[in-house]
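Visitor: Got a predicted model here, sequence first, then my questions.
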Amino acid sequence: MGTPGLNTSREDRRYRALLEVSAAIATQPNLQAVLNSISVLLSKVVPFETVALLLLNESRGTVTLYALHSGHDPGIEIGTEIRLGESAIKRAIDKQTPVFVEDARQEIANQPELSSRLNLEQVHSSYAFPISTSRRKLGALIFGTRRRGEFSDEDVELMRSVASHVSVALESALALQSAEEYQRDLARERDRLRLLLEINNHIVSRLDLDELFRAASSSIRKFFANDFTGFWLFEGSSSRLKCAALDFPDVNGFLEEVEVPDLKNSELEDIRSSAPRVFTREEIIELPSAVAHRLKAENISTLVSAPLSTANRLVGIFSLGSRQPALYTQEDLDLLMQVGTQIALAVENAVAYGKVNATSSRLEAERLYLESELRAEYNFEDIVGKSAALRAVLDQVQIVAPTGSTVLLLGETGTGKELIARAIHNLSPRRSRTFVRLNCAAIPSGLVESELFGHEKGAFTGALAQKRGRFELAHEGSLFLDEIGDISLELQPKLLRALQEQEFERLGSARTIHVDVRLIAATHRDLPDMVRKGQFREDLFYRLNVFPIEIPPLRDRKEDIPLLVHYFVSRLARRMQKDIKDIPREAMEALVNWPWPGNVRELENFIERAVILTSGQTLNVPVRELRVRSQFAVPGGSSFHDAERSAILAALRAANGRLSGPGGAAERLGLKRTTLQNKMRRLAITKSDY
């Protein structure tokens with residue numbers, strides 16, 4: 001039996017040591033200091049010389065030396081990673097119970113990567129205690145001693161209590177460390193986003209490149225603490241870089257003279273395809289001598305070069321230099337790549353702005369000239385004729401033009417609907433604003449919406465830039481939509497809304513645009529019949545049919561044909577510099593009696609051919625062509641629709657299906673190829689018919 005007083009004294013020392021350990025854990029600044037205190041305090045009552053704290057990495061199956069206190073050099077560094085394997089440490093962690101190692105040397109011999117490094121001269125036996133909390137396993141606490149044999153139960157219990165205290169301290173330390181790392185990451189991310197936002201604000205608020213580079217350099221310097229920032233842009237389409245801006249607050253004057261030689265194609269491709277590159281002091285020396293010499297003179301130790309590249313082209317490079325051996329992480333380089341892309345887009349925009357600004361006066365002059373030419377070419381006087389049918393139309397034009405109401409022009413192809421539309425515009429209060437026209441049948445149906453309402457950049461494949469639609473261009477003016485019957489059913493509701501509400505959205509945009517547009521529409525189709533067949537919206541038809549004007553075909557105003565012939569001959573002869581003074585009476589009679597299925601347009605084309613054929617002062621009218629065309633006429637009693645269809649089919653059969661060229665159906669009928677194709681679509685003529 002032991003001595004009661006001695007046992008009590010030993011027990012007191014153990015409890016006192018545990019209290020001191022607990023106090024040390026609470027007051028020491030880090031776990032290494034905690035281990036040092038534990039080793040000093042606990043060794044007074046428990047015979048050990050070494051204590052080590054190992055952190056568990058379950059995913060890797062390893063532990064890492066986190067803290068160590070020993071009375072000798074153990075030969076191993078903090079941060080060393082150790083494989084668990086089938087070691088005593090693994091058993092202690094898995095079973096969550098202390099594991100005694102009688103022969104530490106034999107245990108380490110099973111791990112060759114440690115046996116060659118670990119100094120165990122003063123360690124014979126060891127105890128591995130699991131470090132864990134109710135939430136997770138953290139690692140192990142190792143006590144090493146020179147003694148042989150196990151510790152007493154009281155010693156083991158004391159070390160177990162110490163391990164529990166260390167577990168709580170370790171979890172708190174890891175949580176604090178994680179919170180500090182997270183806070184640092186948040187601060188870094190905040191600063192990174194702040195830099196990108198600053199660069200973006202510089203871009204949207206500055207069109208002048210010098211101002212942009214100065215502002216961007218200041219923001220970059222605040223983030224990276226670099227000594228200089230330089231921007232080099234390519235001169236036009238050449239491969240020579242020119243210094244566009246250089247921010248070096250305490251420069252000695254050397255870098256201002258840097259000239260970069262012409263780059264080879266391979267070098268350009270390397271810059272375009274590579275990420276930002278970091279040059280050390282040794283690599284800077286290998287740069288072109290003109291650059292290396294001046295960087296060395298400024299004592300630049302680190303250089304970072306990044307491309308200024310857009311999706312379309314490489315516009316230049318920008319560089320950061322530091323006199324310190326700066327360490328750039330991959331996140332820093334990725335950030336520089338984003339900054340380079342932003343600035344490259346700004347450079348492209350600034351260059352484009354410069355070009356637009358430089359030519360704005362010329363474009364304005366051209367616009368005024370074209371509008372004056374349009375007025376001269378399509379003024380009211382160009383509507384030639386004195387027939388009752390035409391006068392009735394012009395009377396309606398005089399009535400409706402000042403009102404601003406929607407007008408629907410009806411009539412066959414070639415009757416001059418666009419001339420009537422321009423006359424309405426020129427007689428209206430909107431005459432000083434733009435007259436915008438769009439032939440709905442001449443544009444693929446998928447693009448009509450973009451033409452009418454415009455689109456934003458990227459709204460669809462091929463939308464490389466923002467585009468204003470015809471409605472925007474016609475703001476406070478007139479919009480003429482020819483062949484409106486060809487607008488698809490899918491687009492008709494949006495057109496109806498634009499007409500009724502005078503507002504719309506561009507493709508790819510949610511912003512509503514308000515306009516003030518007067519609509520003049522035209523069609524050769526039977527819209528009421530299309531409404532009955534479900535091919536045209538009834539509400540849109542009523543919105544268009546506010547003031548319909550029926551334009552008569554040329555065959556219904558034959559008395560206007562001589563006037564039109566003289567008008568076309570005079571204008572075309574003047575243009576071709578010919579002196580034509582006489583038109584044969586027989587030719588004029590033939591022209592008056594021909595039904596002209598292509599109307600005024602067909603007559604104009606026929607007269608143009610006659611002027612071309614004329615070599616003297618008498619118009620050489622190819623009357624024989626009219627006689628040939630009469631062969632394709634159908635017997636009386638047929639409707640004009642049937643007569644026109646039969647004539648076109650006969651011409652197609654005579655031409656063996658050829659539309660254009662010598663002997664083609666268009667030539668035989670005296671029509672343009674496009675006019676013939678329009679008529680064939682209107683009359684539903686297909687290849688199977690001829």
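Guide: Everything's here; your move.

Visitor: Quick check: which element contains residue 318?
Guide: Following DSSP states H and E, one finds residue 318 within strand 314-322.

Visitor: What are the contacting residues of that strand?
Guide: Strand 314-322 has contacts (Cβ atoms under 8 Å, 6 or more residues apart in numbering) with 220, 224-234, 241, 244, 268, 271-272, 295, 298, 300-309, 336, 340, 343-344, 347-348. Bear in mind the C-beta positions are built from the backbone N, C-alpha and C, glycine included.

Visitor: From those residues, keep the buried residues only.
Guide: Neighbour counting by 16 or more other Cβ atoms under 10 Å classes 220, 224, 226-234, 241, 244, 271, 295, 298, 300-309, 336, 340, 343-344, 347 among these as buried.

Visitor: if you look at the residues you listed, which of them are in helices?
Guide: For the buried ones among the contacts of strand 314-322, membership in helices holds for 220, 224, 271, 295, 336, 340, 343, 344, 347, with DSSP state H as the criterion.

Visitor: Roughly how far does the residue nearest the centre of the chain sit from residue 508?
Guide: Closest to where the C-alpha atoms of the chain average out (Cα atoms, centre = their mean) is residue 458, at 5.7 Å. Shown here: residue 458 relative to residue 508, a distance of 7 Å by Cβ to Cβ, to the nearest Å.

Visitor: Please apply the same query to residue 208.
Guide: From residue 208 to residue 508 the distance is 29 Å (Cβ to Cβ).

Visitor: hey, where'd the helices end up in the stretch 51-200 of the chain?
Guide: Using DSSP state H, counting those that start in this stretch, the helices of the stretch 51-200 of the chain run over residues 88-95, 104-109, 112-115, 153-205.

Visitor: what's the most buried one of the ones you listed?
Guide: Across the helices of the stretch 51-200 of the chain, the average number of neighbours (mean count of other Cβ atoms under 10 Å) peaks for helix 88-95, which reaches a mean of 19.

Visitor: and this structure, what are its domains?
Guide: 4-178, 206-352, 378-552, 562-689 (automatic domain parsing).

Visitor: in the stretch 501-650 of the chain, what spans have low per-residue confidence?
Guide: 627-642 (pLDDT under 70).

Visitor: Give the rounded mean pLDDT of stretch 437-446.
Guide: Taken as a whole, stretch 437-446 carries a mean pLDDT of 83.

Visitor: what do you get for stretch 155-170?
Guide: Averaged over stretch 155-170, pLDDT sits at 78.

Visitor: I'd like the distance from it to the chain centre, please.
Guide: Here the centre of stretch 155-170 is set off from its chain's centre by 60 Å, with Cα atoms, centre = their mean, to the nearest Å.

Visitor: cool, and stretch 487-506?
Guide: 27 Å.

Visitor: Return the helix or strand hosting residue 291 as PDB; C-alpha atoms alone will do.
Guide: Per DSSP H and E, residue 291 falls inside helix 289-297. Provided in PDB are the C-alpha atoms of helix 289-297 (Å, rounded to 0.1, in the frame of the first residue of the first chain):
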ATOM      1  CA  SER A 289      17.700  45.800 -75.900                       C
ATOM      2  CA  ALA A 290      15.900  49.100 -76.300                       C
ATOM      3  CA  VAL A 291      13.300  48.000 -73.700                       C
ATOM      4  CA  ALA A 292      15.600  46.000 -71.400                       C
ATOM      5  CA  HIS A 293      18.200  48.900 -71.100                       C
ATOM      6  CA  ARG A 294      15.600  51.400 -70.000                       C
ATOM      7  CA  LEU A 295      13.800  49.100 -67.600                       C
ATOM      8  CA  LYS A 296      17.100  48.200 -66.000                       C
ATOM      9  CA  ALA A 297      18.000  51.900 -65.700                       C
END
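
Visitor: which secondary structure elements does it contact?
Guide: helix 281-284 (3 or more Cβ pairs under 8 Å, 6 or more residues apart in numbering; DSSP states H and E).

Visitor: that older thread, check the offset of the strand holding residue 318 from the chain's centre.
Guide: Chain-centre distance of strand 314-322: 23 Å, with Cα atoms, centre = their mean.

Visitor: likewise stretch 164-183?
Guide: 45 Å.

Visitor: Kindly report the same for stretch 521-528.
Guide: On Cα atoms, centre = their mean, the centre of stretch 521-528 falls 40 Å from the chain's centre.

Visitor: With stretch 229-249 instead?
Guide: 26 Å.

Visitor: For the stretch 401-550 of the chain, just list every one of the helices.
Guide: 417-426, 445-453, 470-473, 492-501, 527-532, 538-544.

Visitor: Now tabulate those helices in JSON lines and tack on mean neighbour count and distance to residue 136.
Guide: What follows is those, written out as JSON lines (neighbours: other Cβ atoms under 10 Å; distance: least, Cβ to Cβ, whole Å):
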{"stretch": "helix 417-426", "mean neighbour count": "23", "distance to residue 136": "80"}
{"stretch": "helix 445-453", "mean neighbour count": "18", "distance to residue 136": "59"}
{"stretch": "helix 470-473", "mean neighbour count": "20", "distance to residue 136": "63"}
{"stretch": "helix 492-501", "mean neighbour count": "16", "distance to residue 136": "60"}
{"stretch": "helix 527-532", "mean neighbour count": "14", "distance to residue 136": "75"}
{"stretch": "helix 538-544", "mean neighbour count": "17", "distance to residue 136": "69"}
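
Visitor: before we move on, back to that, just the buried positions in the helix holding residue 291, please.
Guide: Here helix 289-297 shows 291, 292, 294, 295 as buried, counting by 16+ other Cβ under 10 Å.

Visitor: Going by distance to residue 619, which of those wins?
Guide: residue 291 (76.9 Å; Cβ to Cβ).

Visitor: how about the CA coordinates for stretch 449-469, as CSV?
Guide: Output of stretch 449-469 as CSV, limited to C-alpha atoms (Å, rounded to 0.1, in the frame of the first residue of the first chain):
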residue,chain,number,x,y,z
GLU,A,449,-38.9,42.9,-87.4
SER,A,450,-35.3,44.0,-87.0
GLU,A,451,-35.7,46.5,-89.9
LEU,A,452,-38.9,48.0,-88.4
PHE,A,453,-38.0,48.1,-84.7
GLY,A,454,-34.2,47.8,-84.7
HIS,A,455,-32.1,45.5,-82.4
GLU,A,456,-29.5,45.6,-79.7
LYS,A,457,-26.0,44.2,-80.0
GLY,A,458,-26.0,40.5,-79.5
ALA,A,459,-29.8,40.2,-79.8
PHE,A,460,-29.3,37.4,-82.3
THR,A,461,-26.5,35.7,-84.3
GLY,A,462,-24.9,38.4,-86.5
ALA,A,463,-26.2,41.4,-84.5
LEU,A,464,-22.7,42.8,-84.0
ALA,A,465,-23.9,46.4,-83.2
GLN,A,466,-27.0,48.2,-82.1
LYS,A,467,-29.3,49.2,-85.0
ARG,A,468,-32.1,51.7,-85.0
GLY,A,469,-35.2,50.6,-86.8
